[in-house]
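Colleague: Give me coordinates for this.
(one chain, ligands or ions: 1)
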Amino acid sequence: MYSEKVMDHFTNPRNMGEIEAASGVGTVGNAKCGDIMRIYLDIDENHVIRDCKFKTFGCGAAVATSSMATELVKGKTVEEAMAVTNQAVMEALDGLPPVKVHCSLLAEEAIHAALWDYAQKNGIEIKGLKEPKKDIHEDEEEETDWQA
Ligand code: FES
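Modeller: Numbering: from 1, shown residues only. Predicted structure coming up:
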């Protein structure tokens, strides 16, 4: 059901932890499953992401996608990091089961939230970046049983 890459990043996650005095921090949750993701970015004066770490209260797919997403954004400029979408992360992981696609959105949104935090603190604009949501469930279709 899961690709070897997903299993590898799940059992041996890269960049788990936190960065003290990070340049940007973003936290996003999904009220539907109750999972939370936090991303820390260390960004240099040329707007290049030197380091990236994550912490999650999340499922295995959220761990694997965050691990891969942090690997993909490292060394990129903040604008280039915008191309690290959940699609790009899923491709890098050789896919995810359809029911787990939303988990990969947590990583993308948390990176955007951390970039937003950085942009706000430094008074810059990052092309294509919009104010992030605190909860990605806001965008999903309302289902009657999600509070049950
Ligand atoms: Fe919540 Fe995967 S089930 S992030």
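
Colleague: dump the residue contacts of Val28.
Modeller: Ile36, Met37, Leu106, Glu109, Ala110, Ala113, Pro132, Lys133, Lys134, Asp135, Ile136 (CB atoms under 8 Å, 6 or more residues apart in numbering). Glycine gets a C-beta too; all of them are placed from N, C-alpha and C.

Colleague: Now with 10 Å, please.
Modeller: Shown in contact with Val28 (CB atoms under 10 Å, 6 or more residues apart in numbering): 35-39, 105-114, 132-136.

Colleague: Also Met1?
Modeller: Met1 sits in contact with Met7, Leu96, Pro97, Val99, Lys100, where contact means CB under 10 Å, 6+ apart.

Colleague: Filtering the contacts of Val28 by proximity to the ligand, which remain?
Modeller: Of the residues in the contacts of Val28, proximity to the ligand by CB under 6 Å from any ligand atom holds for Asp35, Leu106.

Colleague: Return the subset of the contacts of Val28 lying in strands.
Modeller: Per DSSP state E, strands hold the following members of the contacts of Val28: Asp35, Ile36, Met37, Arg38, Ile39.

Colleague: For the ligand, see how far away the last one is.
Modeller: Same thing as Ile39. Ile39 sits 14 Å away from the ligand, going by CB to the nearest ligand atom, to the nearest Å.

Colleague: residue contacts, that residue?
Modeller: Per CB under 10 Å, 6+ apart, neighbours of Ile39: 15, 18-19, 22, 24-28, 52-56, 66, 69-70, 73, 106-115, 117.

Colleague: packing partners for the longest helix along the chain?
Modeller: The helix spanning the most residues in the chain, taking DSSP state H as the definition, is helix 101-122. Applying 3 or more CB pairs under 10 Å, 6 or more residues apart in numbering; DSSP states H and E, one finds that helix 101-122 makes contact with strand 24-30, strand 35-43, strand 49-57, helix 60-73, helix 78-81, helix 86-92.
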